[in-house]
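S.K.: give me the fold of what follows.
(one chain, ligands or ions: 2)
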Amino acid sequence: MITADFHTHTSFSTDSKASPESMIERAIVLGLKTYCITDHMDYFFPEHNDEGFTEFVFNPDQYFETLTALKKKYRGKLDLRIGIELGLRDEPDARDENKKLCEKLVNNYPFDFVIGSTHVIDHFDPYNRECWGGRSAEDIVQMYYDSVLYSVRNYDCFNVYGHLDYIIRYIPEGVTVDLTKFDPIIDTILKELIARGKGIEVNTSRLFRGTKTNPSPDILARYRAFGGTTLTIGSDAHKPEQVAGAFEKACEMLKELGFKEYSVFKNGKESRRKL
Ligand SMILES: [Zn+2]
Ligand SMILES: [Zn+2]
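M.R.: Numbering: from 1, shown residues only. Ligands and ions are numbered 1, 2, ... in the order given. The predicted model follows:
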């Protein structure tokens, strides 16, 4: 049984309107023991035209003040952890400054847990459909994995990589890409993560919506075959009704793949729980 959700958002993220309390209270109703809030920090996020999003940046002082008070408020009911989802970048004109800002933030604030994610490639957000014009889908998928590999090799300020095959969520309908082409680079990414003592997450947001986890089960199987054991589970909930989404299904799937444990983090230190 999975009793810890380690990827969740609140209104500190540009794309969520949920109060931290509403998310925590839902987690308590569901019987979770541990709940980690991991709001978005994506420095230099490109403007989001279609929905008018601005930068995915929050005030860390306010964040810690609010969440530290909630840790106390819910003590005995739920163990609240303070995490973050950091946007990692590889563009030559953004990567050094982004890395500096990410490291400074993680060094200056006592995060329990840090997810590193690639949300932006070549200054565009693949979530935005318009960005898929002008280049082949295959090129965009390649750019995404190149960017992930760069970040894995150059950033140290994270515990697990978020939604590793995130890009496949956004391949436009009707476009076919032979994804097996990317198995070698994905395997390199997995091996690099393991060698550097980093893990991956099982992101259940798409499983909840009826497709697969990110990364997909075949990538999780390869991660295990390479000796990967650090695995957090996260719903990526942006609304209370998404908290711990599809966790039972994910638990079954992971057991079928041979995993026996999953990871949780406190003060940046990992511990394991039985699936
Ligand atoms: Zn993300
Ligand atoms: Zn997220």
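S.K.: of all residues in the protein, which one is nearest the centre?
M.R.: With distances taken as C-alpha atoms, centre = their mean, the residue of the chain nearest its centroid is Gly162 (3.0 Å).
S.K.: neighbours around the closest residue to that one other than its chain neighbours, how many?
M.R.: On the basis of C-beta to C-beta, 6 or more residues apart in numbering, the spatially nearest residue to Gly162 that is not a chain neighbour turns out to be Ser117, at 3.5 Å. Heads up, the C-betas are built off the backbone N, CA and C, glycines and all. Each residue near Ser117 was counted by other C-beta atoms under 10 Å, and the total is 26.
S.K.: again, but for Gly268
M.R.: For Gly268, the count of nearby residues is 13 (other C-beta under 10 Å).
S.K.: which ones are touching it?
M.R.: Phe111, Asp112, Phe113, Val114, Asn159 (C-beta atoms under 8 Å, 6 or more residues apart in numbering).
S.K.: possible to save those as a markdown table with neighbour count and secondary structure?
M.R.: Rendered in a markdown table, the data for the contacts of Gly268 read as follows (neighbours: other C-beta atoms under 10 Å; DSSP: H, G, I helix; E, B strand; the rest coil):
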| residue | neighbour count | secondary structure |
| --- | --- | --- |
| Phe111 | 25 | coil |
| Asp112 | 24 | coil |
| Phe113 | 27 | strand |
| Val114 | 22 | strand |
| Asn159 | 24 | coil |
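S.K.: got the contact list for whatever residue of the stretch 101-250 of the chain ends up closest to ligand 1?
M.R.: For the stretch 101-250 of the chain, the residue positioned closest to ligand 1 under C-beta to the ion is Ser117, at a distance of 4.3 Å. Under the criterion of C-beta under 8 Å, 6+ apart, the contact partners of Ser117 comprise Glu85, Leu86, Gly87, Leu88, Tyr161, Gly162, His163, Tyr166.
S.K.: and the pLDDT for the third one?
M.R.: Note on Gly87: pLDDT of 97.
S.K.: all strands for the stretch 151-275 of the chain, in order.
M.R.: Remark: strands assigned in the stretch 151-275 of the chain by DSSP state E, counting those that start in this stretch are 160-161, 199-203, 231-234, 261-266, 269-274.
S.K.: of all those, which one is nearest Leu190?
M.R.: For those, distance to Leu190 was read as C-beta to C-beta. The smallest value, 7.5 Å, belongs to strand 199-203.
S.K.: report the inter-axis angle for the closest one versus strand 261-266.
M.R.: Strand 199-203 and strand 261-266 meet at an angle of 100 degrees, taking axes from the mean of the first three to the mean of the last three C-alpha atoms, to 10 degrees as the criterion.
S.K.: strand 199-203 and ligand 1 in contact?
M.R.: No - with C-beta under 5 Å from the ion as the criterion, ligand 1 is not reached by strand 199-203; the gap is at least 7.7 Å.
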